[in-house]
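# Please work out how this folds:
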Amino acid sequence: MTDRRPVKVFLFDIDGTLLMAGGCGRISFVDTWTEVFGEGHPFDSVNFIGRTDTSVFAKGFEEVFGREPTQDETNRFFDAYHLRLARNVANAPRFRILPGVPEMLHGLTAGRDCIVGLVTGNTTKGAAIKLERAGLDHFFSCCGSGSDSPDRPTLTAIAIKRARDLAGGKIDVTVIGDSLLDAAAGRANGTRILLVASGGTPSGVLAASNPDVILDGFGDWENGLAALKGIAGGLRAGTDEVDRAAAIVKNNGVIIYPTSTLYGIGGNGLEPAVADRIRNIKNRSDASFILLAADVESALALAANVPPKAAELAGRFWPGPLTLVLPAAAHVPAAVQGPHGTVAVRVDAHPFTRALAAASGCPIISTSVNLSGEPAAVRASEVDWRLAAASDIFVVEEPAETPPGLPSTIVSFDNNQTVVLRQGAIPGEQL
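Numbering: from 1, shown residues only. Here you go, the predicted structure:
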């Protein structure tokens, strides 16, 4: 048995990476200091970028009073700070989510095949206040914050441990931030580092920390997702890029691609985890699948037995819009089987699907590209951005070389007699 692949973990900074709080943090610090300790705050000369709230407070306190703050003094300050921050954030006219961030986060989390968390200098409660205002709080499943440690490398290590506990095994971590201190924290923990120049530090300065990737920001969220996931060549591909698409399939990724009827979403038809991820992406736990094969022999090999009538129809209509429902072979996982241990198979007429199955060395899951309750996409332009974001590659054929038609006709067999389960492109009388 081979070891399970590491779970991908993405740990994000907040301010300057995901959102801009409109100066609420600094303003709240200054006003809280005046409220709790009186005049003479020390924060005018403090650079907050990349630093933890707890370290900023401790440093400022020591500058004014010549000693470290007690735990009671720290608690009094932050209790008052959180109340003031919540008011300021709620009313901040310059508070904004950075472009492309919701799309990028949705793309990472929709398939539930990775862990998305936080490494932030904010206190845990301060982070929650900002993320709730932005409507981003539901994306994150673990956190290392300034409440855990004033030291950024240490809080990053804490976030990594929490992610590892969630994963229950090996993880592959990327730290995402907008400052040199974010990079240093990732480097101290041996992670991959992606920096964005959306927080005010120029990309030329960020480059000095030698990150793995530098982006201007996530405004081009497709490019951002490709960089995060490590997809060479970008999220989109053409139908001539069969080898690149096949590499995604072989790596158990999810692909959106054209068929001779509708656009499909799929992947390795013999890998249960891929089937589970596709159902999560579609938000439909009962989504049914067809397996597309490279040729007649490969398709019929997915069946435990093939009635003579099925073999006859395969010879007459494949490649073409006819799907045969047959008893599933033993190697076909339950996750892609239909009712009563069946498997739906087809050799599609679109040359890309056949070439993809041949190059991948496996049948390709095919199901319509749509969220539960929404219409299926016929053309690339109709594919919902949420599905495109959640995929690992989006094969675009626009304008379509093969005009889309009716869905495939689906048939099963009873005592070698054809039973039409769904009327489609091939009329029942032809069968």
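# Quick check: the gap between residue 258 and residue 320.
From residue 258 across to residue 320, the span is 16 Å (CB to CB, to the nearest Å). Bear in mind the C-beta positions are built from the backbone N, C-alpha and C, glycine included.
# Tell me which of those two has more neighbours.
For residue 258 against residue 320, the residue with the higher neighbour count under other CB atoms under 10 Å is residue 258, and the figures read 26 against 18.
# which residues does that one contact?
With contacts defined as CB atoms under 8 Å, 6 or more residues apart in numbering, the neighbours of residue 258 are 239, 264, 350, 352, 353, 380, 395, 397, 400, 402.
# Please name the spatially closest residue to the third one (chain neighbours excluded).
To tie it back to what came earlier, the one meant is residue 350. Spatial nearest neighbour of residue 350, chain neighbours left out: residue 260 (4.3 Å); criterion: CB to CB, 6 or more residues apart in numbering.
# Between the two ends of stretch 231-243, how far is it?
Length of stretch 231-243, first residue to last, CA to CA, to the nearest Å: 13 Å.
# buried set for it?
Along stretch 231-243, these residues count as buried under the neighbour rule (16 or more other CB atoms under 10 Å): 231, 235, 236, 237, 239, 242.
# want to throw these into TSV with pLDDT?
Shown next, in TSV, are those (pLDDT from 0 to 100):
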residue	pLDDT
231	91
235	95
236	95
237	96
239	95
242	97
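# Output those in TSV, with secondary structure and distance to residue 150 appended to each entry.
Written out in TSV, the entries for those read as follows (DSSP: H, G, I helix; E, B strand; the rest coil; distance: CB to CB, whole Å):
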residue	secondary structure	distance to residue 150
231	coil	36
235	coil	38
236	strand	43
237	strand	45
239	coil	53
242	helix	52
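# quick one on the thing from earlier: hang on, isn't the residue nearest to residue 350 packed against residue 351?
No. When contacts are counted by CB atoms under 8 Å, residue 260 is not listed as touching residue 351 (9.2 Å).
# residue ranges with poor pLDDT in the protein?
Applying pLDDT under 70 to the chain picks out residues 1-4, 398-405.
# quick one, domains of it?
1-230, 236-430 (automatic domain parsing).
# Count residues in the vicinity of the residue nearest to residue 192 when sequence neighbours are not counted, would you?
For residue 192, the nearest residue in space outside its immediate sequence neighbours is residue 174; the separation is 4.3 Å by CB to CB, 6+ apart. Residues lying near residue 174 (other CB under 10 Å) number 21.
# With residue 107 instead?
Neighbour count for residue 107, taken as other CB under 10 Å: 27.
# For it, which non-adjacent residue is closest in space?
Spatially, and ignoring its direct neighbours in sequence, residue 107 is nearest to residue 389 (3.1 Å; CB to CB, 6+ apart).
# swap in residue 383?
Using CB to CB, 6+ apart and skipping the chain neighbours, the partner closest in space to residue 383 is residue 377 (4.5 Å).
# what do you get for residue 82?
Setting aside the residues directly before and after it, residue 82 is nearest to residue 125 in space (CB to CB, 6+ apart), at 5.0 Å.
# What about that neighbour? Give its phi and psi, please.
Note on residue 125: its backbone torsions stand at phi -70, psi -40 [degrees, to the nearest 10].
# which residues touch it?
With contacts taken as CB under 8 Å, 6+ apart, residue 125 has the following neighbours: 78, 82, 147.
# What is the burial count for the first one?
Looking back up the chat, that one is residue 78. Neighbour tally, residue 78, other CB under 10 Å: 21.
# re the thing from before, just checking: what are the partner strands of the helix or strand harbouring the residue nearest to residue 192?
Secondary structure from DSSP states H and E places residue 174 in strand 171-177. Within its sheet, strand 171-177 is paired with strand 7-12 (parallel), strand 192-196 (parallel), according to DSSP bridges.
# circling back: could the contacts of residue 125 go into JSON lines alongside distance to residue 159 and secondary structure?
Conversion of those to JSON lines gives the following (distance: CB to CB, whole Å; DSSP: H, G, I helix; E, B strand; the rest coil):
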{"residue": "78", "distance to residue 159": "20", "secondary structure": "helix"}
{"residue": "82", "distance to residue 159": "21", "secondary structure": "helix"}
{"residue": "147", "distance to residue 159": "12", "secondary structure": "coil"}
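# so which of those residues would you say is closest to residue 342?
Lowest distance from residue 342 to those (CB to CB) belongs to residue 147, with 53.3 Å.
# Just to check, residue 100 is in contact with residue 219?
Yes. Applying CB under 8 Å, one finds residue 100 in contact with residue 219, separated by 4.7 Å.
# quick one: which of these two has more around it?
It is residue 100, of residue 100 and residue 219, that has more neighbours when counted by other CB under 10 Å, with 20 against 16.
# gap between that one and residue 43?
Distance, residue 100 to residue 43, by CB to CB: 31 Å.
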